[in-house]
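*Asks:* Below are the sequence and a predicted model for it; my questions follow.
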Amino acid sequence: MTTARGRVVQEEEDAAEIKLGAEFDQARCLMISEVSVVLETYLSRRKEEAPDEQPNPLFEKCLEYCKTFNRFENPEVVPSVRELLSSHDLYEFEVGVIGNLVPDSAAEAKALVPSLVDDRELSDESIDQMLRTLATFKSLQ
């Protein structure tokens with residue numbers, strides 16, 4: 001935003017209100033599980049192409065982080081998780097956070113993701129149902 005005197009005033013960023021900055025307006029948030037699938041796929045292809053080549057240490061650290069915090073270890077389940085979360089009236093940021101943290105209840109989800117408490121048609125029952133389905137996906141490991 002620009003003032004009358006030509007100064008640029010930045011809008012305050014606030015994840016609770018889904019104000020993440022202009023660079024994130026059209027961005028897709030990936031869940032750690034999705035990043036894990038991408039990294040594992042890349043690694044397996046590299047091993048086929050150059051079996052003697054060792055992965056970059058930074059790559060290995062990223063992969064280890066994903067393995068540690070991955071909530072959906074079965075790569076076949078990950079697209080279903082994305083589809084489930086995207087089928088609800090959620091912002092990309094909310095999809096990423098809920099997919100990474102997998103809260104147990106609507107109350108916990110709203111505490112972790114304050115933007116869920118707004119004027120959208122997201123009832124506690126629909127959030128709880130979504131979270132129960134996520135728990136089912138999580139159990140398919």
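*Replies:* Looks like it came in fine. Numbering: from 1, shown residues only.

*Asks:* Where does the prediction get shaky in the protein?
*Replies:* 1-21, 23-26, 119 (pLDDT under 70).

*Asks:* Please, where are all the helices along it?
*Replies:* Listed in chain order, the helices of the chain (DSSP state H) span 32-49, 57-69, 78-86, 92-101, 106-112, 124-139.

*Asks:* could you dump the ones you listed to CSV with distance to D118?
*Replies:* Backbone N, C-alpha and C define where each C-beta goes, glycine included. Output for the helices of the chain, formatted as CSV (distance: least, C-beta to C-beta, whole Å):
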stretch, distance to D118
helix 32-49, 25
helix 57-69, 27
helix 78-86, 17
helix 92-101, 10
helix 106-112, 10
helix 124-139, 13
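
*Asks:* now, of those helices, which is deepest in the fold?
*Replies:* Of all these, helix 92-101 has the most neighbours on average by mean count of other C-beta atoms under 10 Å, namely a mean of 20.

*Asks:* Between helix 57-69 and that one, find me the angle.
*Replies:* Angle of helix 92-101 versus helix 57-69, following axes from the mean of the first three to the mean of the last three C-alpha atoms, to 10 degrees, is 70 degrees.

*Asks:* Which secondary structure elements does helix 92-101 sit against?
*Replies:* helix 32-49, helix 78-86, helix 106-112, helix 124-139 (3 or more C-beta pairs under 8 Å, 6 or more residues apart in numbering; DSSP states H and E).

*Asks:* Take that helix, keep the C-alpha atoms, and write them as CSV.
*Replies:* Extracted in CSV, the C-alpha atoms of helix 92-101 (Å, rounded to 0.1, in the frame of the first residue of the first chain):
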residue,chain,number,x,y,z
GLU,A,92,-3.8,-23.2,1.8
PHE,A,93,-2.0,-22.2,5.0
GLU,A,94,-4.7,-24.0,7.0
VAL,A,95,-4.3,-27.1,4.9
GLY,A,96,-0.6,-27.2,5.5
VAL,A,97,-0.8,-26.6,9.2
ILE,A,98,-3.6,-29.1,9.8
GLY,A,99,-1.9,-31.7,7.6
ASN,A,100,1.3,-31.2,9.5
LEU,A,101,0.0,-31.1,13.1
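
*Asks:* Alright, I will stop here.
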